[in-house]
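[1] Below: sequence and its predicted model.
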Amino acid sequence: MIRTAYPSLARLGTLLVLLLTAPALFAGEVLFRVHYEFNLGGVSVGKAVRSLERDGDLYQFRSDARPTGFMANFVKKSFHERDRWRLHEGNLRPLAYRYYEQEKGQQDDKVKLHFDWEDGVAWDPNGKQCWPLIEHSQDPASATFAIMQAVAQGQDEIAIHSIGGRVPVDHQYRVSGEGKFGEDKVYKVIKVEEETDRRIRLHAWLAPELGYLPVYIHQEVRGGADTRLTMTRLESLDKEALLRIWAE
């Protein structure tokens with residue numbers, strides 16, 4: 001039974017020890033490290049480095065982004081995501097998520113979440129909100145890995161219950177076809193798109209030969225500027241390790 005109450009004080013102490021360990025202490029095996037370019041409305045505005053590490057059955061995703069070019073003259077912040085998850089009976093289960101912005105050495109948390117699958121709840125550690133978990137609940141970062149896993153397993157329809165905004169949102173994605181990406185190095189890609197009538201719609205291109213890493217993500221904004229995230233450099237990749245994860 002899913003309960004909407006916060007975890008007990010005893011369990012909360014155990015969870016905090018596990019989930020709030022400083023990222024620097026996470027000494028795992030690097031599964032990938034990839035560089036991306038951000039494009040907003042047709043203009044390059046930033047760069048990001050994304051990586052995934054594994055320590056036993058625990059995985060940590062990191063994304064560090066900064067403005068570049070013309071945008072760097074106006075935006076002095078950097079943008080960071082930290083996400084931890086593990087697999088349970090083949091299901092990807094987020095454990096902790098944090099999104100923060102950094103300026104002049106000061107960190108400003110924008111989103112911070114913890115997931116307690118035993119009690120069936122996700123909560124904001126500041127005590128502001130608490131949400132029940134369902135089978136396909138994901139945070140903003142783990143959702144990408146859940147989509148990668150589903151596509152690798154041959155699924156054509158993917159459901160994501162996204163927790164990370166003011167209220168949880170249900171997303172439906174489908175595999176829409178295949179294509180190619182790249183110039184010097186061309187990758188075969190599988191295209192995934194969101195089925196929605198909302199203002200924002202997501203399209204992702206995943207490369208099977210890169211362990212289903214996204215090489216291109218297009219966020220289509222009705223009545224606004226589209227954003228694009230394009231892979232520019234593959235610094236490191238353990239493809240076989242990723243494929244083993246998705247096969248679990």
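    In hand now; what should we look at? Quantities reported herein were computed from a predicted structural model and do not represent experimental measurements.
[2] low-scoring stretches of this structure, by residue?
    The model of the chain has pLDDT under 70 over residues 1-27, 127.
[3] So which residues of it form helices?
    9-19, 142-152, 239-247 (DSSP state H).
[4] residues of the second one that come out buried?
    Across helix 142-152, burial judged by 16 or more other CB atoms under 10 Å covers 142-152. C-betas here are computed from N, CA, C, even on glycine.
[5] ok, and what's touching that helix?
    Residues from elsewhere that reach helix 142-152 (CB atoms under 8 Å, 6 or more residues apart in numbering): 52, 59, 61, 83, 85, 92, 94, 97, 136, 138, 158, 160, 162, 171, 173, 175, 190, 192, 204, 206, 208, 211-214, 242-243, 245-247.
[6] now do 7 Å
    83, 85, 92, 94, 138, 158, 160, 162, 173, 175, 190, 192, 204, 206, 212, 214, 243, 246 (CB atoms under 7 Å, 6 or more residues apart in numbering).
[7] So the third one is in contact with residue 85, correct?
    Yes. The pair formed by residue 92 and residue 85 meets the contact definition of CB atoms under 7 Å, at 5.8 Å.
[8] State the distance from the nearest residue to residue 45 once chain neighbours are set aside to residue 35.
    Nearest in space to residue 45, with sequence neighbours left out and distances taken as CB to CB, 6 or more residues apart in numbering, is residue 71 at 4.2 Å. According to CB to CB, to the nearest Å, residue 71 stands 17 Å off from residue 35.
[9] Beta-bridge partners for the spatially closest residue to residue 59 that is not a sequence neighbour, please?
    Nearest residue to residue 59, sequence neighbours excluded (CB to CB, 6+ apart): residue 85, at 5.4 Å. Beta bridges link residue 85 to residue 59, residue 94, judged by DSSP bridges.
[10] got a list of what residue 85 touches?
    Residue 85 neighbours (CB under 7 Å, 6+ apart): 59, 92-95, 142, 145.
[11] repeat for residue 53
    So residue 53 contacts 26, 28-31, 60 (CB under 7 Å, 6+ apart).
[12] show me what contacts residue 131?
    121-122, 163, 168.
[13] Distance of the residue nearest to residue 72 when sequence neighbours are not counted relative to residue 227?
    Nearest residue to residue 72, sequence neighbours excluded (CB to CB, 6+ apart): residue 66, at 7.6 Å. Relative to residue 227, residue 66 is positioned 16 Å away (CB to CB).
[14] can you check residue 203 too?
    11 Å.
[15] which among the contacts of residue 131 gets closest to residue 75?
    residue 163 (27.3 Å; CB to CB).
[16] Hmm, residue 139 and that closest one touching each other?
    Yes. Using CB under 7 Å, residue 163 is in contact with residue 139, at 6.0 Å.
[17] Pull up the overlap in contacts between those two.
    residue 113.
[18] buried residues in stretch 209-223?
    210-220.
[19] Pull the most distant pair out of those residues.
    Between any two of the buried residues of stretch 209-223 (CB to CB), the greatest distance is 25.7 Å, for 211 and 220.
[20] From residue 153, how far off is the residue positioned nearest the centre of the chain?
    Taking CA atoms, centre = their mean, the centroid of the chain lies closest to residue 141, which sits 1.7 Å from it. Distance, residue 141 to residue 153, by CB to CB: 20 Å.
[21] same question, residue 32
    Counting by CB to CB, the gap from residue 32 to residue 153 is 19 Å.
[22] Between the two, tell me which one has more neighbours.
    Shown here are residue 32 and residue 153; by other CB atoms under 10 Å, residue 32 has more neighbours (20 against 12).
[23] which residues touch that one?
    51-52, 213, 236-238.
[24] Distance check, it against residue 182.
    17 Å.
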